[in-house]
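Novice: could you work out the structure for the sequence below:
(chains A and B)
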Amino acid sequence: MRPVRRILRLEPRRESLVGLVDEEVALHLDLRAAELMDQGWSEPEARAEAARLFGDLRAHRQHCVTIDLEHMTAMRKSDAFDALWQDLSFAARAFRRRPLFTLVAVAILALGIGANTAVFSIVQGVLLKGLPFEDPSRLVMIINGDSRGSIPVSQLERARYRQETELFSRLGTWYFDVVTISGSGESERVPALVADADALPTAGIAPLLGRGFTAEEAAPGATSVVLVSHNYWKTRLGGATDVLGRKIIADGSPMTIVGVLPASARLPGDFTGPRAEIVVPMAVEPVPDPRNLHYLFAMARLAPGVEQPRADARLAVVAKELVETVPPLPDDFTVHVSPVEREVLGQFRPAVLMLLWAVGLLLLLACANVAGLLLAHAETRRREFAVRASLGAAPARLARQVLTESIILGGLGGISGTLLGYGALKVLLAMSPPGLPRVDEVSLSPVVLGFAVLASLITALLFGLAPAIAIRRRDAQTVLRSEGRGATTGRERHLVRRGLVFSEIALAVTLAAGAGLVVRTWLNVVRTDPGFSPDGLLTFQLSVPGEQYATREARWRFFTSVGTDLAAIPGVRAAGGVSALPLAQQAGDWGFRIEGRPPAREGERNPFADRIVVTPGYFESIRVPLREGRLPTLEDDAAHEPVIVLNEKTAKRYWPDGTALGARIRLSSNVDTVWRRVVGIVGDVRSRGLEVEARQEFYFPHAQYPTNPASNATGTLSFVVRGGENPEAMTGAVREVIRRLDPGVPLSDVQSMNGVLETTLSVRKLQLLLLSFFAVSGLLLVAAGVYGVVAFLVGERSREFGVRLALGADRGGILGLVLRDSTRLAIAGVVAGLAGAVVLGKVLQSVLYGVKAVDPLVIGTVPVIVLAVVLAATLGPALKAARTDPGTTLRSE
Amino acid sequence: MASVDLLQGTLDLLLLKALSWGPMHGYEVNRWIRSTTGEALSVEEGALYPALHRLEARGWIESEWGVTDQNRRAKYYHLTKPGREHCRREATAWQRYAGVMARVIEAGR
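Specialist: Numbers count the residues shown, from 1 in each chain, chains lettered A, B, ... in the order given. Sure, this is the predicted structure:
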């Protein structure tokens, strides 16, 4: 009772302390004088005597005031502490009284905060955090393209773009390669960045040690220099400071280390996949190759004052000019610039944005749910508050009590949310698709965490404070009286609560529909026939050193023996090599002419197909079916008639009447002028991804591939080995075979074909897992929310039900009443949710495959599931309502 | 009877003892002391007030404004639980002290 009295007590601080002391003293002097007068003193004498007996009035008064002042200061401090302690213990008691409420509220908050934090952290690390470039907003990639998509930049175009000094203050180009580092011990294949002298400076990347390339070093035939990555320097060179000037043997030629790059150094194209370990100078052609080969990345720094539209406008003119002067360029050739940030994100942008949407919906759902819980909770506390208000607790004091509880609830939610978020982040990163850019830079973001905790706190406060404010508005007595009589509560509060349930259902429908689309997409993708059989296949890459295998002949002999020896391994059924492994490597295309047909007319394209080199045994081992004719054999060598194998798509496109077999074709570029006979037609392969249509392809026997010393196309092959159920078990035997043939040829990228397939599916898998997780969480939240609200409403109406039953209503009727009520709510929610689902579907469009944004199956299924969840959540309370005992309820009031 | 000067620290005990009879305002405390001691102890009456305020600051007594029989606002003091405890402890200590002193003085005669 002490606190209540303290609140009620007249606060001395309102009046001056001095005045109070004076009043106290004055009373004493008056009463003392009166006593003396009773003994016969005259009034003036009595007053004088009282004052004399009192002593030094000023000193005593001053003394009192000093003591009181000190006391008051101390009291204020302890008062505040007392109140806080009291709030905390009240809150603890409130939570202990309703453990389920507390647990559920904290769990919901934790889920909302945790999922949000984890996903936002990834988005921040991957999407929002600055790139390791100097002033990245001024950096653009120069993108060539035509109607079929983007095209890399050629040396000729590089030279042309570099003339645009008004647009670009600096322009660098590069490409990626794999080089064999030999010398000490076993030779090793490492990813390499082949860059011109301007590539790293354009990005603002300066070497940690040493220097970058000079323009002279990028000229053909210049002394060989190399930059090494931070990682290479640390792991292979021991991080020694005296590495500058040392030599490493790359692809057989010694190269001098002139610099070490910082750990953050990366260029676009290097944000996915393995990072480049060394940087070698790109040979800038003094006279551009007439074939105008496109293989370069080009990045430029916009000149001061130049914005993207101006650069694009100027480049459009340049593109026209190039089309007119450079023959192999397609007529619809275009050039534009694109912010480097956008390019680095590339394919992951839709997936990440989808995650953001999903997680945003989940946070909304969590907030709506906590709000609903708090409102129901608040109803039960209205009486408690009314009692305390009538006992004299100030409205502000009650509001502070609720504030404390909300903060504790939010704090508990925040702590468990952080833990959950940390765990979820770990799981997400473990599941993250290989190649998600900059995944190694992701960490739990405090900003994001703060945001999510704040969002839940605001929700908790908003809906927690409602009852305290309501008490302030109404007369506490009214509440007490009305509660006592068990009158039904106000309509407006029901409206809010039903509104919350309605939004929860709508949000859950939207989430579930999104998940449905992703599930459908996943099923479509995994059910897609890749055109080959990945089970039981081991794949790896072999790259022969250029100097020992200088001729195609030498390479052919080596790869032929590899194929034969691999096939001889016990348990291996077939083995063969291919220049572009399906789903792993991309082949470029070549145009060709068909014998007996006129060359392409002006404005038309020659027939074309992706060029792929194979060794005998490849089709047999990967099981691409032969449709017509025969497969390449060992006979198809340089001494025999050049032959070619088409895939069905190519054959059907150019020989719609089915006469492809036996026809002859010639490559239309000036690579060679040989006529090649079509000897076989094989099935189509989805070589660029399961969801990408098969491309037109033609397969060259290795021994008959056009001789091109500059091209490494026949020096690096992927092998596919078909063995038993566990392809990885063959790795040892395979390595042994290669070592016996030539220990200097390194083996890389050893993995099962199913592993390759999984890699291509990993982004989808992540989407599937996450969205399903979100959808299931959403449904659980809805179930909890609906249950909470319906249970509460039923409890509140128990008197009404009692009366109805007493008046002869049957129990089935009551059950129906409750079920009908929530069904109405659910249907409204579902309709709104489906509208949301359509919007979400449009957002998801770009990540969907084989399913439309508005999918009848999803639209049909999701409402059924959500309705079922809602009814299941309603059933418990509804049954309880039907079991209402009219006698008990009526008596209890 | 000649009045005895109040020993240092005994004023507190005196005040607590007075209030152990129930809430009083300052003047009532003063009157209680005078009547109980037969005016034998000389206390400067004004010194009572700083002492009361000090006891309140220590938490041994609390005060509340109330109204006297003559309808005047007055500050009433009452003992708190710790105050009552303290009073009992001090009183016991005093009795022992006084007993010892009495024996010493008796023996000296």
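Novice: give me the buried positions along stretch A:736-747.
Specialist: For stretch A:736-747, burial by neighbour count (16 or more other Cβ atoms under 10 Å in any protein chain shown) applies to A:V737, A:I738, A:L741, A:D742, A:V745, A:P746, A:L747. Any C-beta I mention is one placed from the backbone N, CA and C, and that applies to glycine too.
Novice: just flag the most distant two among those residues.
Specialist: Pairwise distances across the buried residues of stretch A:736-747 (Cβ to Cβ) peak at 13.9 Å, for the pair A:V737 and A:P746.
Novice: what parts of chain A come near chain B?
Specialist: Within chain A, the positions near chain B by Cβ under 8 Å from any Cβ of the partner chain are A:9-10, A:20-21, A:23-25, A:27-28, A:30-32, A:35, A:53-57, A:59-61, A:63-64, A:67-68, A:70-71, A:74.
Novice: show me the contacts for the closest residue to A:F168 other than its chain neighbours.
Specialist: Closest residue to A:F168 apart from its sequence neighbours, by Cβ to Cβ, 6 or more residues apart in numbering or on different chains: A:A300 at 3.9 Å. Residues in contact with A:A300 (Cβ atoms under 8 Å, 6 or more residues apart in numbering or on different chains) are A:L139, A:V140, A:I142, A:Y161, A:L167, A:F168, A:S169, A:R170, A:L171, A:G172, A:T202, A:V337.
Novice: what helices or strands is the longest helix along chain B leaning on?
Specialist: Determined from DSSP state H, the single longest helix within chain B is helix B:81-108. Helices and strands touching helix B:81-108, by 3 or more Cβ pairs under 8 Å, 6 or more residues apart in numbering or on different chains; DSSP states H and E, are helix B:10-19.
Novice: what's the angle from the helix it packs on to helix B:81-108?
Specialist: Between the axes of helix B:10-19 and helix B:81-108, defined by axes from the mean of the first three to the mean of the last three Cα atoms, to 10 degrees, the angle is 120 degrees.
Novice: by contact count, what packs against helix B:10-19?
Specialist: Packing partners of helix B:10-19 (3+ Cβ pairs under 8 Å, 6+ apart): helix B:26-37, helix B:48-58, strand B:61-67, strand B:73-79, helix B:81-108.
Novice: A:G450: neighbouring residues, count only.
Specialist: Number of residues near A:G450 (other Cβ atoms under 10 Å in any protein chain shown) recorded here: 12.
Novice: where does it land on pLDDT?
Specialist: pLDDT, A:G450: 77.
Novice: I figured A:S264 was touching A:P132, is that so?
Specialist: Yes. Counting by Cβ atoms under 8 Å, A:S264 does reach A:P132; the two are 3.9 Å apart.
Novice: look at the two and report which has more neighbours.
Specialist: Shown here are A:S264 and A:P132; by other Cβ under 10 Å, A:P132 has more neighbours (18 against 12).
Novice: so what's the backbone phi/psi at that one?
Specialist: phi -80, psi 40 (degrees, to the nearest 10).
Novice: which residues touch it?
Specialist: Residues counted as contacts of A:P132 (Cβ under 8 Å, 6+ apart) are A:I205, A:S264, A:A265, A:R266.
Novice: kindly report the same for A:P607.
Specialist: A:P607 touches A:G591, A:F592, A:R593, A:I594, A:A600, A:T650, A:R653, A:Y654, A:I665, counting by Cβ under 8 Å, 6+ apart.
Novice: any idea how far A:S668 is from it?
Specialist: 8 Å (Cβ to Cβ, to the nearest Å).
Novice: now do the shared contacts for the two.
Specialist: The contact lists of A:P607 and A:S668 share A:G591, A:F592, A:R593, A:A600, where a contact means Cβ under 8 Å, 6+ apart.
Novice: mind checking the SS state of the third one?
Specialist: It stands for A:R593. strand (DSSP: H, G, I helix; E, B strand; the rest coil).
Novice: that one: neighbour count?
Specialist: A:R593 has 17 neighbouring residues, counting by other Cβ under 10 Å.
Novice: does it touch A:F608 like I think?
Specialist: No. Using Cβ under 8 Å, A:R593 is not in contact with A:F608; the gap is 10.7 Å.
Novice: make sure A:D242 is indeed in a strand.
Specialist: No. Under three-state DSSP, A:D242 sits outside any strand and is assigned coil.
Novice: gap between the helix or strand harbouring A:L825 and the chain center?
Specialist: According to DSSP states H and E, A:L825 maps onto helix A:811-844. Computed by Cα atoms, centre = their mean, to the nearest Å, the chain-centroid distance of helix A:811-844 equals 30 Å.
Novice: ok, stretch A:258-270 next?
Specialist: Centroid separation between stretch A:258-270 and its chain, computed with Cα atoms, centre = their mean, is 25 Å.
Novice: what bits of chain B have low per-residue confidence?
Specialist: Scanning chain B for pLDDT under 70 picks out B:1-9, B:42, B:108-109.
Novice: how many other residues sit next to A:G19?
Specialist: Look at A:G19: counted by other Cβ under 10 Å, it has 10 neighbours.
Novice: which parts of the stretch 401-550 of chain A are helices?
Specialist: Per DSSP state H, counting those that start in this stretch, the stretch 401-550 of chain A carries helices over the ranges A:446-473, A:476-485, A:491-527.
Novice: oh sorry, the question was meant for the stretch 201-350 of chain A
Specialist: All helices of the stretch 201-350 of chain A, identified by DSSP H, counting those that start in this stretch, fall at A:230-235, A:308-325, A:340-345, A:348-390.
Novice: what's the closest of those to A:G563?
Specialist: Nearest of those (Cβ to Cβ): helix A:230-235, 33.2 Å.
Novice: could I get the average pLDDT for the closest one?
Specialist: 83.
Novice: need the contact partners of it.
Specialist: A:190, A:208-209, A:239, A:243, A:260-263, A:265, A:275, A:277-278.
Novice: what is the distance between stretch A:319-339 and the centre of its chain?
Specialist: Counting by Cα atoms, centre = their mean, stretch A:319-339 is centred 35 Å from the centre of its parent chain.
Novice: so which bits of it are buried?
Specialist: Residues of stretch A:319-339 classed as buried: A:A319, A:L322, A:V323, A:V326, A:L329, A:F333, A:T334, A:V335, A:H336, A:V337, A:P339 (neighbour count, 16+ other Cβ under 10 Å).
Novice: in strands, which of those fall?
Specialist: A:T334, A:V335, A:H336, A:V337, A:P339 (DSSP state E).
Novice: and the residue nearest the centre of chain A?
Specialist: With distances taken as Cα atoms, centre = their mean, A:V352 lies nearest the centre of chain A, 3.9 Å away.
Novice: show the average pLDDT along stretch A:283-300.
Specialist: Regarding stretch A:283-300, the rounded mean pLDDT is 83.
Novice: I meant stretch A:173-180, not that one.
Specialist: Taken as a whole, stretch A:173-180 has a mean pLDDT of 85.
Novice: residues contacting it, please?
Specialist: Against stretch A:173-180 from outside (Cβ under 8 Å, 6+ apart): A:152-153, A:158, A:187-196, A:198-199, A:250-252, A:267, A:269-270, A:276, A:278, A:280, A:282, A:295-299, A:543, A:545, A:716, A:746, A:748.
Novice: and stretch A:801-819, by the same measure?
Specialist: A:790, A:794, A:871, A:874-875, A:877-879, A:881-886, A:888-890.
Novice: could you do stretch A:741-753 as well?
Specialist: With Cβ under 8 Å, 6+ apart, stretch A:741-753 has contacts from A:178, A:180, A:182, A:186-189, A:534-535, A:537-545, A:548, A:558, A:561-562, A:565, A:584, A:622, A:718, A:720, A:727-728, A:731, A:734-735, A:738.
Novice: got it, and stretch A:608-616?
Specialist: Contacts of stretch A:608-616 (Cβ under 8 Å, 6+ apart): A:559-560, A:563, A:576-580, A:587-592, A:631-634, A:636, A:645-647, A:650, A:687, A:695-702, A:705, A:713-714, A:717.
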